[in-house]
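Asker: Turn this into a model:
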Amino acid sequence: MKTPPPEQLPRLLRNDGRYALDAYDFLYIGLDRAARARHGERGPREQRHVGGGELCEALRDLALERWGKLARQVLGRWGIHRTRDFGEMVFLLVNNGFMSRQESDCIEDFDDVFAFGEAFDDYAIQLDHTGDGSARGG
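Answerer: Now for the predicted structure:
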């Protein structure tokens, strides 16, 4: 399938309407993070495949780093309430030629990777006692 012109992407996402446009920017950042974690910096981008579970975990970690205790609320405002929503976003892009997939990839790979309540509601800030004044999620 030939990749459509990039200017068609915002129209596709607005017409679909399930998720905020910002959610897709977040998805691509998480995808890049997951690919780098798995494959490092090597190889062409199109050959840096990650599975649904790996992507969901990268998106969880990214959300917690960015928003901490507010992560679930931010994702919720974008229409994302469960890991399957990440899969719905990915497969919208796949089915419209903006992303590729391997034969073994399926939407069910995104089902129940983690529970949002456990991942985000139980998040606690832990103080870093190294003396540099930084804090991190835990």
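
Asker: Got the confidence number for residue 81?
Answerer: At residue 81, the model reports a pLDDT of 97.

Asker: and it, what are its phi and psi?
Answerer: When quoted as degrees, to the nearest 10, the phi and psi of residue 81 stand at phi -130, psi -10.

Asker: Tell me the spacing between it and residue 3.
Answerer: Distance of residue 81 to residue 3, computed by C-beta to C-beta, to the nearest Å: 29 Å. For every residue, glycine as well, the C-beta is placed using N, CA and C.

Asker: same thing with residue 101?
Answerer: Distance of residue 101 to residue 3, computed by C-beta to C-beta: 13 Å.

Asker: for residue 102, same thing?
Answerer: Residue 102 is 17 Å from residue 3, by C-beta to C-beta.

Asker: same thing with residue 111?
Answerer: Plainly put, residue 111 is 27 Å away from residue 3 if you go by C-beta to C-beta.

Asker: With neighbour numbers in mind, choose between those two.
Answerer: Higher neighbour count among residue 111 and residue 3: residue 111, with 14 against 11, using other C-beta atoms under 10 Å.
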